[in-house]
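Sequence first, predicted coordinates after that:
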Amino acid sequence: MIEINATILAQILNFLILVIILRAVAYKPVARLLQQRTDKIRGELDKAAADRKAAEQTLADYKSQLADAHKKAQEIVEKANVTARQEHDAAVAETRREIERMKLSAQAEIESERNRAFDEMKSQIVSLSLAAANKVVSKNVDTKENDKLVTEFIAGLNKNMFADLK
Amino acid sequence: MHDIGVRETINFLGLTFNIETLKMTWLAMGIVILVACLATRNLKVVPQGWQNFVEMIILWLHDQIDAMMGPRGRMLAPFIVGLFMFLLASNLIGLVPLMASPTNDLNTTLGLALLVVIIVHCLGLYFKGGHYIAHFFQPTPVFVVINMIEEIAKPITLAFRLFGNILAGEILIIVLLKLMPIWMPIPSVAWLAFSIFISCVQAVIFTMLSMAYLANAVKDDHAE
């Protein structure tokens, strides 16, 4: 029952053949597939990490760009404010000058107007006084004497009566 | 195997072969190859169905090998997978009526055990060289006797454990069938169920012990 014969060699050979066939048919493909999957997963994880890094980089870029843009906008607004204030100040100054000028010219006009009125009044007073004198003085005096009298009268008026107009 | 203990033999090239054992071996080989082909047919990167199961077994085996043998053990993985599948198929074949296990023949079990031991020593010499021979003489040269006995005992225990379990199982199946009347199948069925369990356990034991022996030869124990 337990005799040992050449079957032992045949069995060793059989088993070696079986191992070789199994290795070629079953083990190799499965092992290769497992390795392939490991590689694939590792590659994809690496890629995901790289992608995330790139995304973070891009985000940081955008953030800094946004901050720059904000700063620039702030500067522009400030500059505009400054310019507006300067223009406003200039306009106010200009207006003040204008007002000053207008006041001066108005004063000058008033002055010249008054002088004119005064002159006119003076001449009217001359003719009125003349008429009055003509009526009052019944005596016939020649015109030359008359004019002289009136002019003297008016010169006296000028000093005494219109002093408060000035 | 109806006449217990008598084996049909043929002579070929002046050598004697147990023809039934050989036939059953080829049948077991065929079953193993068929199962392997069916299981690994149509492999995909995204696993599905049976592929999960096959991958689970191979990953478990890789874990075992890495834990027991270290990085060099990977090249022995096909050998160990083959050993386990062949033993399982061989043990279970014998439980089918009119068939016999190839492992109920000492030639098969001793052949496999010797193959394992030869591989162990060859790999030990290849990977460790002089260290491997020197470790038989440690801690003192006197220990060489004990170590030799141990090394010789390895294949013998490996072979006889499997052979004895399987042969006993088959003999008892026949004995129970002849002993019990036909209307009383319970003992036979119970023994058959137990034999299935024994077949699996013995396949696992043989494989695990082989791995342990191989690990001794392959592992770098001093991290050389």
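Structure's in. What do you need? Numbers count the residues shown, from 1 in each chain, chains lettered A, B, ... in the order given.

any idea how far chain A is from the residue at the greatest distance from the centre of chain B?
Relative to the centre of chain B, the most outlying C-alpha is that of B:Trp183, 36.3 Å out, by C-alpha atoms, centre = their mean. Separation of B:Trp183 from chain A (C-beta to the nearest C-beta, to the nearest Å): 32 Å. Every C-beta, even on glycine, is put in place using the N, C-alpha and C of the backbone.

Tell me the secondary structure at that residue.
Taking DSSP: H, G, I helix; E, B strand; the rest coil as the rule, one finds B:Trp183 in the coil state.

Could you check how far it is from B:Ile10?
To B:Ile10, B:Trp183 is 40 Å away according to C-beta to C-beta, to the nearest Å.

Show me the helices in the chain, by range?
Went with chain A since none was named. Using DSSP state H, the helices of chain A run over A:7-22, A:28-136, A:143-160.

nope, chain B
For chain B, the helices defined by DSSP H occupy B:19-40, B:50-69, B:77-93, B:106-128, B:130-134, B:144-179, B:186-218.

out of these, deepest packed?
Highest mean neighbour count of the helices of chain B: helix B:77-93, a mean of 23 (counted as mean count of other C-beta atoms under 10 Å in any protein chain shown).

Please save the CA atoms from that one in CSV.
C-alpha atoms of helix B:77-93 as CSV (Å, rounded to 0.1, in the frame of the first residue of the first chain):
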residue,chain,number,x,y,z
ALA,B,77,3.5,32.9,-5.0
PRO,B,78,2.5,30.9,-8.1
PHE,B,79,4.1,27.8,-6.6
ILE,B,80,2.1,28.2,-3.4
VAL,B,81,-1.1,29.0,-5.2
GLY,B,82,-0.6,26.0,-7.4
LEU,B,83,0.2,23.8,-4.4
PHE,B,84,-2.9,24.8,-2.6
MET,B,85,-5.3,24.5,-5.5
PHE,B,86,-3.8,21.1,-6.6
LEU,B,87,-4.0,19.7,-3.1
LEU,B,88,-7.6,20.9,-2.6
ALA,B,89,-8.7,19.5,-5.9
SER,B,90,-6.9,16.2,-5.3
ASN,B,91,-8.3,15.7,-1.8
LEU,B,92,-11.8,16.5,-2.9
ILE,B,93,-11.7,14.2,-6.0
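
show me where pLDDT drops low in the chain?
Answering for chain A, as no chain was given. Where chain A drops to pLDDT under 70, the residues are A:1-2, A:136-141, A:157-166.

Wait, chain B was what I had in mind.
Scanning chain B for pLDDT under 70 picks out B:1-7, B:14, B:45, B:220-224.

One more pass at 90, please.
Flagging of chain B using pLDDT under 90 yields the residue ranges B:1-152, B:154-155, B:158-160, B:162-196, B:198-200, B:202-204, B:206-224.

As CSV, the helices of chain B with distance to A:Val77 would be great.
Below are the helices of chain B laid out as CSV (distance: least, C-beta to C-beta, whole Å):
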stretch, distance to A:Val77
helix B:19-40, 72
helix B:50-69, 66
helix B:77-93, 73
helix B:106-128, 79
helix B:130-134, 83
helix B:144-179, 91
helix B:186-218, 77
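
on that earlier part again, do you know which of the helices of chain A lies nearest B:Met85?
helix A:7-22 (7.2 Å; C-beta to C-beta).

touching chain B at all, the closest one?
Yes. Applying C-beta under 8 Å from any C-beta of the partner chain, one finds helix A:7-22 in contact with chain B at A:7-12, A:14-19, A:21-22.

quick one, phi psi at B:Met99?
phi -120, psi 160 (degrees, to the nearest 10).

excluding its backbone neighbours, what's nearest it?
Distances taken as C-beta to C-beta, 6 or more residues apart in numbering or on different chains put B:Ile93 closest to B:Met99, at 5.3 Å, once the chain neighbours are dropped.

List the contacts of that neighbour.
B:Ile93 is in contact with B:24, B:27-28, B:31, B:99-102, counting by C-beta atoms under 8 Å, 6 or more residues apart in numbering or on different chains.

For stretch A:9-25, give me every contacting residue.
By C-beta under 8 Å, 6+ apart, stretch A:9-25 touches B:15, B:17, B:21-22, B:25-26, B:29, B:32-33, B:36-37, B:40, B:78-79, B:81-83, B:85-86, B:102, B:105, B:107-108, B:111-112, B:114-115.

List, out of those residues, those positioned next to chain A.
Counting by C-beta under 8 Å from any C-beta, B:15, B:17, B:21-22, B:25-26, B:29, B:32-33, B:36-37, B:40, B:78-79, B:81-83, B:85-86, B:102, B:105, B:107-108, B:111-112, B:114-115 from the contacts of stretch A:9-25 sit close to chain A.

that older thread, top of the residues of helix A:7-22 next to chain B by number of neighbours, please.
Counting neighbours by other C-beta atoms under 10 Å in any protein chain shown, the top entry in those is A:Thr7, with 28 neighbours.

so how far is B:Trp50 from that residue?
34 Å.

Kindly report the same for B:Ile119.
Taken as C-beta to C-beta, the span from B:Ile119 to B:Trp50 is 30 Å.

Phi, psi for the residue farthest from the centre of chain B please.
When quoted as degrees, to the nearest 10, the phi and psi of B:Trp183 stand at phi -90, psi 0.
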